[in-house]
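S.K.: Have a look at this prediction, sequence included:
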Amino acid sequence: MRTSSAGRAAIARREGNVLTAYLDSVGVWTIGVGHTSVAGPPRVTKGLKITAAQSDEILQRDLASVEASVSAMVKVPLNQNEFDALVSLVFNIGAGGFKGSSVLRNLNAGNRRGAADSMLAWNKGTIGGKKVVLKGLANRRAEERAQFLSRAPASAKPTPKPAAEPAAGLLAAIFNLIKRLFGKGTEQ
């Protein structure tokens, strides 16, 4: 499966979409929906500007590794809204976090409501060395949960299993998480 255009729009809204390159909270040049050079082309440099259409194209490419991870780990059929919500979650928390999550365990056990409810637990960040609930993440998780539970027909077969996940997607997800935790560059 691929993330739908509505799913990409939801991710862009949740992440923020900046069309001029900026230095994120850890000093990495970033553009669009959290795109960095580590994720692949285009190489992000000072002064780079893109259009909204280019940002969507870049996001679509950046999501490929996330989509592959979701497809590889989920063993039950998904409808488009479920897939889009999971891609949004994994784009934010990373494939490693998703792999060991109660979201995935519940989903693969056939407990969709439990999977959706488990999304709400991914609402914490570290501030001053302490884990705290972040309002922006809590709101995002509530949106992803609602998207996951929205009605749409399930696909006839499980999502296809891709090859191994590229490291670039994971690094981009880590940079995006750090950026969101420190609140620079995007608003939640």
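M.R.: Structure received.
S.K.: alpha carbons only for contacts and neighbour counts from here, please
M.R.: OK.
S.K.: Count the residues that sit near residue 128.
M.R.: 7 (other CA atoms under 10 Å).
S.K.: Flag the shaky bits of this structure, pLDDT-wise.
M.R.: Applying pLDDT under 70 to the chain picks out residues 152-188.
S.K.: Nearest residue to the middle of it?
M.R.: The chain has residue 91 as the residue nearest its centroid, 1.9 Å off, counting by CA atoms, centre = their mean.
S.K.: Can you tell me which helices and strands the host helix or strand of that one packs against?
M.R.: According to DSSP states H and E, residue 91 maps onto helix 80-93. Here helix 80-93 touches helix 5-15, helix 52-73, helix 135-149, helix 167-182, going by 3 or more CA pairs under 8 Å, 6 or more residues apart in numbering; DSSP states H and E.
S.K.: For that helix, output the C-alpha coordinates as PDB.
M.R.: Extracted in PDB, the C-alpha atoms of helix 80-93 (Å, rounded to 0.1, in the frame of the first residue of the first chain):
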ATOM      1  CA  GLN A  80      -6.500   3.000   3.600                       C
ATOM      2  CA  ASN A  81      -7.300   5.100   6.700                       C
ATOM      3  CA  GLU A  82      -5.600   2.500   9.000                       C
ATOM      4  CA  PHE A  83      -2.500   2.400   6.800                       C
ATOM      5  CA  ASP A  84      -2.300   6.200   6.600                       C
ATOM      6  CA  ALA A  85      -2.600   6.600  10.400                       C
ATOM      7  CA  LEU A  86       0.100   4.000  11.000                       C
ATOM      8  CA  VAL A  87       2.400   5.600   8.500                       C
ATOM      9  CA  SER A  88       1.900   9.000  10.300                       C
ATOM     10  CA  LEU A  89       2.600   7.300  13.600                       C
ATOM     11  CA  VAL A  90       5.700   5.500  12.400                       C
ATOM     12  CA  PHE A  91       7.000   8.600  10.500                       C
ATOM     13  CA  ASN A  92       7.000  10.300  13.900                       C
ATOM     14  CA  ILE A  93       8.100   7.500  16.300                       C
END
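S.K.: buried ones in the helix or strand that comes right after it?
M.R.: Using DSSP H and E, the helix or strand that follows helix 80-93 in sequence is helix 95-99. For helix 95-99, the buried set under the neighbour-count rule, 16 or more other CA atoms under 10 Å, comprises 95, 98, 99.
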